[in-house]
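S.K.: I'd like to go over a predicted model; first the sequence, then the structure.
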Amino acid sequence: MIDALTLVLASSIRLALPLAFAACGEYIAERSGTINISIEAMMLGGAFSAVLGASITGSPAVGLICGVLTGLLIGFVHANFSHRLTVNTYVVGLTLNLLVLGLTSFLFDLVTLVPSQVSVLAIPLLADIPVIGPALFAQRWPAYLVWLLLPAIWYAMYRTRWGLQMRATGENPSAVDATGIDVNKRRREGLLLCGLLAGLGGAYLSVGEVGMFNQNMTSGRGYVVIAAVIFGAWTLRGAMAGCLVFGAADAMRLALPALGVQLNPQLLIASPYILALLAMVLFARNNRSPSAYGKPFTRGLP
Amino acid sequence: MSDTTVLAEERTAAPRSHASPHLRLWLKGYPTLLTYLASLSVALGISASLVMMTGVSPWAAVVALYEGSLSTPASVGLALDKAAPLLIVAAGTVIAARAGLFNIGQEGQLTVGATAACAVAIFVPGPGPLVLVLSLIGGALAGAAWAGIAALLFYKAGVPIVIGTLLLVFIAVQVVFFAVTQPWLLQESGPEGDVMSPQSDLLRTEVWLPHIGEYPGLNFTSGVLIALALTVIVAVLLRHSVWGFKMKMLGMNKLAARRAGISAAVLGGTALLWSGAFAGLGGAVLLTGGNHRLQPGISENGGWDGLLVALVARENPVLAIPVAFFFGILRAGGGFLASTGVPRYLVDVVTAVLVLAVAFPPAFRILRREWRARAAARALAVEGKGMAA
Amino acid sequence: NGTAGQQPDVNGDGKVVIGVMSPGDSKDNGYYQSLVDEATTFAKTQGWNVITLDKINPSDSISQAKNLCRQSVDLIAVGASELKDALSAAPEPVCKGVHWYINGGVGVEQTEYFAQSQENVKEILFAGGLATGLLLKKSGSTKAGFITGPELDFSKQAAAGFSAGMQAVVPEATLVTTYTGDLNDSGKAREAAQAQISLGVKVIYPYLGGATDAVASLARDNQVYTLTPGTDRCADSVGFDISMVFSPGAYLAAALKEFQKGTLKMGQARMWRIGVDDVPTIVMCGEHADLQPQVDQFMADVAAGKYDVEALVGASAK
Amino acid sequence: MRPELLGTSPVHGEVPPAVELRGITKRYGTTIACDDVHLSVASGEIHGLLGQNGAGKSTLVKILLGLAGRDAGQILLHGRPTEIPDPFAAAELGLAMVHQHFSLVNELTVWENVTLGDTGRPDADATCELVRSIGERYGLVVDPLAKVEDLSTGQRQRVEIIKCLRRDPSILILDEPTSVLTLGDSRELFSVLRRVAQDEQRTVILISHKLDEILNATDRVTIMRSGRVVAQRRTAETDERELAREMVGRELSKWVAASALGDLDALVDPGLSKDPAMFTALRPSEDQPAVRMRIDAAVANRDGRPLLQGLTLELRAGEILGLAGIEGNGQHALGDLLSSLLPLDSGEVRVDGTPVPAGRPGAMHHAGIGVIPEDRHQSGCVLDMSVAENLVLSAVPTVSRRGFVSRRRMRERAEELIERFAIATPSPDTPMRALSGGNQQKVVLARELSQQPKILVAAYPTRGLDIGAIEYMTEQLHEASRAGIAVLLISTELEEILTLSHRVAVIHRGAVVGEMPRMDVDIERLGMLMGGQEA
Ligand SMILES: Nc1ncnc2c1ncn2[C@@H]1O[C@H](COP(=O)(O)OP(=O)(O)OP(=O)(O)O)[C@@H](O)[C@H]1O
Ligand SMILES: Nc1ncnc2c1ncn2[C@@H]1O[C@H](COP(=O)(O)OP(=O)(O)OP(=O)(O)O)[C@@H](O)[C@H]1O
Ligand SMILES: [Mg+2]
Ligand SMILES: [Mg+2]
């Protein structure tokens, strides 16, 4: 029983981590008012270029960086198309997803990739704690970045001027504009950060968890991330909780057969989206999305 | 000293004024056309270089695209068939958008629609044509219902439409998958102990959408006509009817609409239902017109692309017609291109690049207007300083 | 070059063109890749050219088939029964005169338009189970794992056959089956494998597509034996222990030979049987080569009907 | 007259003026919003900007603040030619503005809104402290920790003002700042401005339609008419009538002038009642008019917050009932109720004796209640639709046949109304957004009146209107009442009430606490009722 628990918990964490990195990014983007659909593209691009970078340089660490940069690049494209050129953000998002899926599959055929994976870093003592030890303290080293990211992001959003402006931008862009702040610049920044973190998430999936790439590797994780942010009512805490819950749902699905339990697969696969919707319905009161959520901003008279 | 500064002014000003006037005039005249040319050629350049990486000559690829979509009447028909469902979905999207509601869940509504249509076509007995009509209606209703969930979530629990519709897409996919893996539901039937694939039986031919024209001549399913008819109707109603007027009002200012006696929940809700119904119908047309059998992947992103059509057409139903056809060409030609040895997903890449290329110029025009304003301000500033000196 | 209607240049345009349709990734260095590779290698020797369409969505198979027809192909080889709808393009005017071949798996409803090859998945997987049984014995374990994508009839059947075979050798053996829902999601497949490993399975059968290698390498790192899903990869760096060879490529290659001779009969089905034909077969890799004779014996027995496969599989499916 | 003022006239000045505009011109398509405007304001001066609706005042300051570009002319700050491409640059140059329409983020707290425009690390405690201190210093009290969305309009206005005062700008611009403030608040504000200008040597530009404000608060005043500067005066050397004349370009009846000038004494002076205009104005058309609408013990709460508490009210045909009261006591709620935006917890609304379901969309409208809402911008019109369309928003059926809108009929109707109500718009197809604040209001008024309602509710009808328009509005409302329409006039401005109404009621904390005929109004009593004391 204990082993089973340990097993599922560890598995949940492993499955949640790539989501968590990306969710940090999506959270920022959404708070500044963008529903970033292209996060799927960002993750996939990150996953691919990470393995590519790793197999060229032979260092998975470098691979991670490549992944991050690719995510950043995709974020840059999205940002400039939708928040400088005011092309509808969903057009950009959908198109980018199409583009990156096609491109990675295409390149995946052209180049030959060598499997490579970052090493596990077990924290002495802590890793030996029963149940949570293996789950939390025996991860591959990039996993621990989360512990740096979360406080950093929270501080940036709630304690810095930039964060204040980001949040305001998501709520009432024209007011922010009248105050002399470049709304679309903030939103572009949001998307860049999102790309960066989503890229990291994808990279962690490929060179972190799996150690290799395969076609459409992320297979919809980006949308799960969006669901997680919604599930978390646009708070960082909540988003992380969402990732954990969804990770756990998958872990169950994958581990339970081994433990002799069977559940309806379709239901489990759909569970993140169902849960996200339920969360919004049940906690409708305090569950408010940013007012300018997904609304493009073009400067007009106030 | 003042006149020296003035001279300096002139000197700096001189080159500006003497720069080839013809060229500038021409640039002034056709900037948008130019940007279109530029962005499209960039897109084609990228596509070409990618194609070359596969060892196929870009020209051959272009020819293949053309052959697949436009060369013969038959292939035009194929492009039309591919375009029809997208156009229907797009028309629906426009309705919701007009009421200020952003439905991005067409993919889900379409899939559910196809499923319902299939169920009707298979389980409902009766004369073919009747059943066909019923299954089309069934598809529309199912799509509407699926959108209805989002509407309910919005008006009862305040879940933003975008979120509701988006998340329901991924639930819908699982619903279909469930349906086609359950023998007691839609999974294909066969001799006992035989291995069944996750798909429905082939629909009996009487419930297929009638085909118009004969191979090798121009031939396409009647879905194309349905799509065109619906789009025109939507265009007219939105533009000229009281209903359209109210929708516009609601879309632009809820509060004012409310004061004018419009219930957002009712009018907006129905708008959303309509767009869902259209998407569902798109699915039904896809099923009865093309595949004739339900499979998990039946939509082939038809919902997403339909949405894309509507957006690229800037939510203008009439404009959506050519755009949808453009997508039809890419889809039909794309399949053909693939069959010449270019990897399929390269077609997606090309499609994506082209969409961005088409979206770029109008957006760029707006941006340039801003730049001009800034530039003008700066020019004035220079002038001002000159006067001050 | 023969006159019109005669194999191989059926349409008599002076060149022979073979169209190959595959539902999966033709670069999965596994099941589907073999399909394409075998076809191309043989075609090369004959100076024919091959058009490959891979990752075809079943719902798209008809129009893809038509596209091939319009490329003036002489033979269309459909890689798997998922794409059987493609065959319904055969009567269409576009495809007039084109010859068809399908790798029918357990078999698709025969019409006069195409030749098909069939295999008995249960038998093959059963035999695989037997071989696995030997490995379990060797490692003194009774636990094996089976990881595959969506929960579909064919994968259920495969699992059933596999476990039946295992139990025929090690009666108390148990098989843990996990459905990840996606043949290519290596992340989830790995987690599934991880779970099975930590439950002490000694053999894992990654009955997967793109995710196969991810699982295999994890298994190897944990000294767990693995089998290939269809091709001979004993030489492969991933280090499989058993190669289950039932690749459609082998059947196709044979069909092409007949096509070249002009003896590929439309409207006929050919059943490929383990222990009888040279494919399907089972190859014990590297260190396990010593077990090969026993495995060959197994295959012969299966072919000879020593086991009531149907019944046994049926029983373990319950 | 203050001596240092003499120096600051643009003609001969040794000290360069704080702000100097030379030949500013701005076109919007065909309309010329600003036409070769010259203006110079010295530091330490409060400069009034006066003009009819659409005169170009807002445009001018928008240009000054980088919110709108200009077509010609130049801006000099402290003698230096300056370019102001965007609001941020404006802020850096020490220009700050209180917008005619708010620019607050409702979801953030007051202090967050206040600090939004600054740089450097935001400091909650310091900012809150700042808000409090400014609040005390300038008499603009508001809780820094409150969320803006919980504040009433007036309180939001205060936040706006604090927001730009705290930047301590060298040049402060206020566009109709008092339009939503109570009399007391605005008096307070002007003493603030005076201090700001004199003691702290800042420059203040004040846009207003209220002549008394201009006269009390400013040192000099510039008057604009249709984009041009038509006059500049030292406030001390001019008077209401002159200003009014310059502004409108003609004489006004003493009556309207008095009201527009907020000359209370004039309004209650019994002698006035002999003025014939007044006579017709204050007498209801019939002597024993029929009751048109009756609100009975209406009670309503919005998420726990009491809005209406047993409000009872009676409207009679051909009579104007003025509802006086201090802003924030349920006027808004009442307006919402009568536009079917607010359902009732108890009580009922009857029109001609038949009850009307409160809160059901369109119910009140169908019952024959027309509303000129307080916040025209937000709920009175659709800024992105054309003027013509806005003129028929609630009356589409009248211009449509068999479910289809007839463009022709709509245009005809629009042209007729534009003509009749003298709406300044380039064409019926101009987007509403392009109209000046005042003209937008005229559109709403025109629409509501043109539908011959049984009852007309006018909330703050003259808010943001120039006196020309006020005079006009006054006539329109009298016109309406003479036509037998029962008019409910909601306002916080006593002058307005006294000018227009036949009967005066007082609302306090969501209930009517007193009522009296116009003739025997006594300011003292009124004030006490509004303050909540029984009298
Ligand atoms: N964005 C715009 N597009 C077109 N015309 C405009 C625009 N903004 C203002 N105008 C026109 O410029 C003129 C001046 O407008 P402005 O808002 O400056 O008037 P105003 O003096 O502020 O009037 P009010 O006192 O009613 O606010 C009006 O005729 C208006 O129609
Ligand atoms: N019965 C009441 N008891 C206590 N407070 C009340 C009552 N009625 C109204 N208020 C106060 O009035 C405000 C809400 O009423 P409402 O919004 O209608 O005011 P308002 O007149 O519309 O103000 P504004 O015109 O600025 O919107 C709140 O500040 C509330 O405290
Ligand atoms: Mg040939
Ligand atoms: Mg104004």
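M.R.: Yep, that arrived. Residues are numbered from 1 along each chain as shown, chains lettered A, B, ... in the order given. Ligands and ions are numbered 1, 2, ... in the order given.

S.K.: in the stretch 101-250 of chain D, which spans are strands?
M.R.: With DSSP state E, counting those that start in this stretch as the criterion, the stretch 101-250 of chain D has strands at D:171-175, D:203-207, D:220-225, D:228-234.

S.K.: close to ligand 1, is the last one?
M.R.: No - between strand D:228-234 and ligand 1, judged by Cβ under 6 Å from any ligand atom, nothing touches; the nearest distance is 11.6 Å. Backbone N, C-alpha and C define where each C-beta goes, glycine included.

S.K.: elements contacting that strand?
M.R.: Applying 3 or more Cβ pairs under 8 Å, 6 or more residues apart in numbering or on different chains; DSSP states H and E, one finds that strand D:228-234 makes contact with strand D:31-41, strand D:220-225, helix D:240-248.

S.K.: could you report the neighbour count for the residue lying closest to residue D:134 once chain neighbours are set aside?
M.R.: In space, and not counting its chain neighbours, residue D:134 is closest to residue D:162: 5.1 Å by Cβ to Cβ, 6 or more residues apart in numbering or on different chains. Around residue D:162 there are 24 other residues, counting by other Cβ atoms under 10 Å in any protein chain shown.

S.K.: let me see the backbone angles for residue B:244.
M.R.: phi -60, psi -40 (degrees, to the nearest 10).

S.K.: residue contacts, it?
M.R.: For residue B:244, the contact set (Cβ atoms under 8 Å, 6 or more residues apart in numbering or on different chains) comprises B:98, B:237-238, D:405.

S.K.: then residue D:130?
M.R.: Residue D:130 neighbours (Cβ under 8 Å, 6+ apart): D:114, D:166.

S.K.: per-residue pLDDT, it?
M.R.: In this model, residue D:130 is scored at 91, pLDDT.

S.K.: how much space between it and residue D:239?
M.R.: 40 Å (Cβ to Cβ, to the nearest Å).

S.K.: cool, residue A:288 as well?
M.R.: From residue A:288 to residue D:239 the distance is 53 Å (Cβ to Cβ).

S.K.: what about these two, which has more around it?
M.R.: Higher neighbour count among residue A:288 and residue D:239: residue A:288, with 16 against 13, using other Cβ under 10 Å.

S.K.: where does the more buried one land in three-state SS?
M.R.: coil (DSSP: H, G, I helix; E, B strand; the rest coil).

S.K.: repeat that for the one 4 residues further on.
M.R.: In three-state terms, and counting by three-state DSSP, residue A:292 is coil.

S.K.: that one touches residue A:169, doesn't it?
M.R.: Yes - counting by Cβ atoms under 8 Å, residue A:169 is a contact partner of residue A:292 at 7.4 Å.

S.K.: mind putting the strands of the stretch 101-250 of chain D in CSV, mean neighbour count and mean pLDDT included?
M.R.: Converted to CSV, the strands of the stretch 101-250 of chain D look like this (neighbours: other Cβ atoms under 10 Å in any protein chain shown; pLDDT from 0 to 100):
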stretch, mean neighbour count, mean pLDDT
strand D:171-175, 24, 88
strand D:203-207, 25, 91
strand D:220-225, 23, 90
strand D:228-234, 17, 91
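
S.K.: and the contacts of residue B:244, which two are the farthest apart?
M.R.: Across these, no pair lies farther apart than B:98 and D:405, at 14.3 Å, counting by Cβ to Cβ.

S.K.: strands of the stretch 201-318 of chain C, residue ranges please.
M.R.: Using DSSP E, counting those that start in this stretch, strands in the stretch 201-318 of chain C cover C:203-207, C:225-230, C:242-245, C:269-272, C:281-284.

S.K.: which residues does the first one contact?
M.R.: Contacts of strand C:203-207 with the rest of the structure, by Cβ under 8 Å, 6+ apart, involve C:128, C:132, C:135-136, C:139, C:141, C:144-148, C:155, C:158-159, C:162, C:189, C:193, C:196-197, C:212, C:215-216, C:219, C:224-227, C:229, C:241.

S.K.: list, one by one, the residues from the stretch 101-250 of chain A near chain D.
M.R.: A:159-161, A:164-165, A:167-168, A:171-172, A:174-182 (Cβ under 8 Å from any Cβ of the partner chain).

S.K.: what about the one residue in chain D that gets nearest to chain C, how many residues nearby?
M.R.: In chain D, the residue that lies nearest chain C is residue D:107 (37.4 Å; Cβ to the nearest Cβ). Residues near residue D:107, counting by other Cβ under 10 Å, number 19.

S.K.: contacts only, for it.
M.R.: Each residue near residue D:107 by Cβ under 8 Å, 6+ apart is listed here: A:171-172, A:288, A:290-291, D:147-149.

S.K.: can you tell me which of the residues you listed are buried?
M.R.: A:171-172, A:288, A:290, D:148 (16 or more other Cβ atoms under 10 Å in any protein chain shown).

S.K.: now tabulate the residues you listed in JSON lines and tack on distance to residue D:36.
M.R.: Shown next, in JSON lines, are these (distance: Cβ to Cβ, whole Å):
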{"residue": "A:171", "distance to residue D:36": "41"}
{"residue": "A:172", "distance to residue D:36": "36"}
{"residue": "A:288", "distance to residue D:36": "49"}
{"residue": "A:290", "distance to residue D:36": "44"}
{"residue": "D:148", "distance to residue D:36": "40"}
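
S.K.: now stretch B:355-370: buried residues?
M.R.: In stretch B:355-370, counting by 16+ other Cβ under 10 Å, buried: B:355-364.

S.K.: ok, the residue in chain C positioned nearest to chain D to residue A:17 distance?
M.R.: For chain C and chain D, the shortest gap (Cβ to the nearest Cβ) falls at residue C:187, measuring 37.4 Å. Look at residue C:187 and residue A:17: by Cβ to Cβ, they are 10 Å apart.

S.K.: what do you get for residue C:314?
M.R.: Distance, residue C:314 to residue A:17, by Cβ to Cβ: 43 Å.
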